[in-house]
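Asker: When you get a sec, could you give me coordinates for this:
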Amino acid sequence: MSDWDCLDVLVTHCGMARELVAALDGQAGLRLRVVEGAEPADPVAAGLGDYRPDAVIGYQFGPGSLRGLAGPRWLHLTGTGVDHLQPAGLGPDVLVTTSSRVPVTAVAEYAVAGLFLLTKDLAGLASGQRRAWFSSAATLVAGSTVGVLGAGRIGRAVLSRLSALGARTVAVTRDGASPVAEAARTIGLAGLAAEAAGLDAVIGCLPGGPGTVYALSREVLAGLPAHARVVNVGRASTVDTEALYEALRAGRLAGAFLDVHDVEPLPADHEAWQVPGLVVSPHCAFRFPGEPAAVAAAFLDNLDDLRRGQAPRDRAGWLLEGSLG
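Answerer: All right, here's what the predicted structure looks like:
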């Protein structure tokens, strides 16, 4: 017998809960309960009474929302970010696993698509903008130099795709000490500003956390050439958004594609909608039709590890420190 053989599992997720329960229903030793509501979730406010789940599955949790939740030994996140857990009041002894392997392909494809949208000048065409025949402001990704911030699963997937397209790739990690196999070069974050003038594009793939705040800083943005483009599919906190807006307004950057934002959803009157050259994406890079089933499979893989007495394969680990990879 294992301590993990029989579990009461609370599933709390505004958009995926029912699909997750359908995928997990009938699995041996799992008793499932659902709390649905807005994200970030607040399971304590849902009025659970004396219910003490052994495990919780969820996406994001609001400040203080986990402080009064008794019982859980394990939290499995349907996403990748863990920076919200400390403010939520998660106990230090709770095991945290993530679904970080699930969205890798989807996010990597989306990041490259965002770069193509900018470099091929497609945003205006997609909106129905008319232009003179045979005219284009398109540039080549092949032969360009692209810096990718972060070399975790998603960052490495982006790097491999860019390399296959003929781009010269630069991986940006915490200290640059360990070469990233998927990149032509690897540098440390401290050297990014000095390298910025040689970059044609920057793609952010960083998690949140104190070590990554404003990794794409005002100084780095100022150092980029005027033809450079910026794509961010990591955390919004990793980019100095106001400095980015200023650079776009002043024509010091050619364009930006942001899938993540300081406020979400963006209000209708938010300044981002009016920034020239900025393409606003509604935080959807990770979505694909098989996502709920893949998240459920990740949960079950980690449960199988625990039942076998092994360390779960998707334990948060370095993510808790906001590492650059």
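Asker: any weak-confidence spans in the stretch 151-300 of the chain?
Answerer: Applying pLDDT under 70 to the stretch 151-300 of the chain picks out no residues at all.
Asker: Identify the residues contacting stretch 182-199?
Answerer: 145-149, 151, 156, 159-160, 163, 168-180, 215, 217, 219-225, 228, 324 (C-beta atoms under 8 Å, 6 or more residues apart in numbering). C-beta: built from backbone N, CA, C; applies to glycine.
Asker: let's go with 6 Å and repeat that
Answerer: 145, 147, 156, 159-160, 168-172, 175-176, 179-180, 219-220, 223-224 (C-beta atoms under 6 Å, 6 or more residues apart in numbering).
Asker: got the end-to-end distance for stretch 221-230?
Answerer: Its first and final residues considered, stretch 221-230 spans 9 Å by C-alpha to C-alpha, to the nearest Å.
Asker: Check the offset of that stretch from the chain's centre.
Answerer: 22 Å (C-alpha atoms, centre = their mean, to the nearest Å).
Asker: which parts of it are buried?
Answerer: Leu221, Gly223, Leu224, Ala228, Arg229, Val230 (16 or more other C-beta atoms under 10 Å).
Asker: The first one in helix, strand or coil?
Answerer: By that I understand Leu221. helix (DSSP: H, G, I helix; E, B strand; the rest coil).
Asker: Domain map for this structure?
Answerer: Domain assignment for the chain by automatic domain parsing gives 7-102+288-321, 104-280.
Asker: can you give me how far the first one is from the chain middle?
Answerer: Here domain 7-102+288-321 shows a centroid-to-chain-centroid distance of 17 Å under the convention C-alpha atoms, centre = their mean.
Asker: that older thread, would you point out the most distant pair within the buried residues of stretch 221-230?
Answerer: Longest distance between any two of the buried residues of stretch 221-230 is 14.5 Å, between Gly223 and Arg229; criterion C-beta to C-beta.
Asker: can you map out the helices along the protein?
Answerer: Secondary structure of the chain (DSSP state H): helices located at 17-24, 85-88, 104-119, 123-126, 153-164, 192-195, 218-223, 241-249, 291-307.
Asker: centroid residue for the protein?
Answerer: In the chain, the residue lying closest to the centroid (C-alpha atoms, centre = their mean) is Gly234, at 4.1 Å.
Asker: roughly how far apart are that one and Ala126?
Answerer: 24 Å (C-beta to C-beta, to the nearest Å).
Asker: And for Gly208?
Answerer: Counting by C-beta to C-beta, the gap from Gly208 to Ala126 is 30 Å.
Asker: before we move on, what about Glu246?
Answerer: Distance from Glu246 to Ala126, by C-beta to C-beta: 26 Å.
Asker: The two: who's more crowded?
Answerer: For Glu246 versus Ala126, the count of surrounding residues by other C-beta atoms under 10 Å is larger for Glu246: 16 against 9.
Asker: so who does that one touch?
Answerer: Contacts of Glu246 (C-beta under 6 Å, 6+ apart): none.
Asker: hang on, the earlier thing: quick one, which of the contacts of stretch 182-199 are buried?
Answerer: 145, 147, 156, 159, 168-172, 176, 180, 220, 223-224.
Asker: closest to Gln86 among those?
Answerer: When those are compared against Gln86 (criterion: C-beta to C-beta), the nearest one is Val172, at 24.9 Å.
Asker: Help me confirm that that closest one comes into contact with Gly150.
Answerer: No. Judged on C-beta atoms under 6 Å, Val172 makes no contact with Gly150 at a distance of 7.2 Å.
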